[in-house]
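Asks: Here is my input, please return the structure:
(one chain, ligands or ions: 1)
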Amino acid sequence: MQEAIQKHLAEIAAHTASTPEAVEQFRIHYLGRKGILNDLFEAFKAVPGDQKKVLGQELNKLKIAVQEKLESLQAAHASTSGKSEGIDWSRPTGALPLGTRHPLAIVRQEILDIFSRIGFTVADGPEIEDDWHVFSGLNFPPEHPARDMQDTFFIHKPTQEGEKEMVLRTHTSSVQVRAMENQKPPLRIVMPGRVYRNEAVSSRAHCQFHQIEGLYIDEGVSFADMKQTLQYFTQEFFGKAKIRLRPSYFPFTEPSAEMDVYWGLNSEADYRITKGTGWLEIMGCGMVDPAVLSASGIDPERYSGFAFGMGIERITMLRYQIDDLRMFFENDVRFLRQFQ
Ligand code: DAH
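Replies: Purely as a prediction, here's the structure:
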């Protein structure tokens, strides 16, 4: 037996296998059910007690040598042929399901594209803001109801001096203030982003949604420029050319207006969404209040401008006839897959 073991050890050391089949043959030859190791272990049972210790050690040495050789042969073939442990790494996979873009992302990009064609660039600002950029810098009087706890999420930010009261921005108009502080006119920017309001969730309200703000400041910008710009947008986005501007109020614009688009009354759904009027409210807008310009260091004697703001959810709902706002936030793939 001793001799047989030595002979096998020498054989194993010298063994080569040029194909995966040869590796498999080696495995069966030594480790198979009727292989050499099984035979030797069977024979070992009949070995006299005084030889068992030495022979047992020899036999274990052989077993380890076989296993190590097999591993190294398999590894050599895995790296040359791409096959290992029965896995064929070169096999093509099945088709992976592709994700789709979120409807809000599609519409946001479309709006940005429309404005970029007339020279607007994109600007960005933080979602966690201070009172100045969300309210005071936009001419909100100290007791204005929009600052009320009902609408605004307040947070306390630890600072070196103690704490600073911050808010989650309630509108993207805050980015206007940052832009005016940091850049010299002319300014022609659109500012998309997420905003927060402390409201109960329903089919028409959510505590987190998206807006796009626009701002245009230069010498001699007029209300007519604003109307022309917004009309261009409605034509491009909705394919509808008829708009109207209704007088409204915002602290940061004077005069202020609400822009409606004439949607038409061609179907039953049109009657429902326009409440029988044919008109749909799309956005707020107005001429930037001189007090807002000077608060951000822009000379209102020299410059004027207009601003506008719209909710992306609302416009997306109109575009795709979605009637529940919550659909946007549930991430149900059956809903999302419809926007290829
Ligand atoms: N910030 C306003 C809101 O959240 C929307 C808005 C209205 C923005 C008029 C403007 C504007 O820039 O001129 O309801």
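Asks: how about Thr170, secondary structure?
Replies: Under DSSP: H, G, I helix; E, B strand; the rest coil, Thr170 falls in the coil class.
Asks: err, Ala179, not the other one
Replies: Assigned by three-state DSSP, the conformation of Ala179 is helix.
Asks: Retrieve the pLDDT associated with the nearest residue to it once chain neighbours are set aside.
Replies: Spatial nearest neighbour of Ala179, excluding adjacent residues (C-beta to C-beta, 6 or more residues apart in numbering): Ala123 at 5.2 Å. In this view, the C-beta of every residue, glycine as well, is placed from N, C-alpha and C. You'll see Ala123 listed with a pLDDT of 97.
Asks: tell me the domain ranges of this structure?
Replies: Domain assignment for the chain by automatic domain parsing gives 2-85, 103-129+169-339.
Asks: residues from the stretch 101-250 of the chain in reach of the ligand?
Replies: Applying C-beta under 6 Å from any ligand atom, we find that the stretch 101-250 of the chain lies next to the ligand at 171, 173, 213, 250.
Asks: Glu213 is in contact with the second one, correct?
Replies: Yes: taking contacts as C-beta atoms under 8 Å, Ser173 lies within contact range of Glu213: 5.7 Å.
Asks: what sits in contact with each of the two?
Replies: Applying C-beta atoms under 8 Å, 6 or more residues apart in numbering, one finds that Ser173 and Glu213 are jointly contacted by 307, 309.
Asks: and the two? which has more neighbours close in?
Replies: Neighbour tally, Ser173 and Glu213, criterion other C-beta atoms under 10 Å: the higher count belongs to Ser173, 29 against 25.
Asks: mind checking how far that one is from Asp130?
Replies: 14 Å (C-beta to C-beta, to the nearest Å).
Asks: try Gly35
Replies: With distances taken as C-beta to C-beta, Gly35 is found 78 Å from Asp130.
Asks: Who does the residue lying closest to Gly220 once chain neighbours are set aside form a beta bridge with?
Replies: The shortest distance from Gly220 to any non-neighbouring residue, by C-beta to C-beta, 6+ apart, is to Ser304 (6.9 Å). Beta-bridge pairing of Ser304 under DSSP bridges involves Asp218.
Asks: ok, then the element right after the one helix or strand Gln231 maps to?
Replies: Element membership of Gln231, judged by DSSP states H and E, is helix 223-238. Note on helix 223-238: by DSSP H and E, the next helix or strand toward the C-terminus is strand 243-250.
Asks: Can I get that following strand as CSV, trimmed to CA atoms?
Replies: What follows is strand 243-250, C-alpha atoms only, in CSV (Å, rounded to 0.1, in the frame of the first residue of the first chain):
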residue,chain,number,x,y,z
ILE,A,243,-53.6,82.7,-22.8
ARG,A,244,-55.0,85.3,-20.4
LEU,A,245,-53.5,87.1,-17.4
ARG,A,246,-55.7,87.7,-14.5
PRO,A,247,-54.8,90.2,-11.8
SER,A,248,-53.5,88.5,-8.6
TYR,A,249,-51.3,89.2,-5.6
PHE,A,250,-47.8,87.9,-4.6
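Asks: what about the helix or strand that comes right after that strand and the ligand, any contact?
Replies: Toward the C-terminal end, the helix or strand that comes next after strand 243-250 (DSSP H and E) is strand 253-262. Yes: residues of strand 253-262 contacting the ligand under C-beta under 6 Å from any ligand atom: Thr253.
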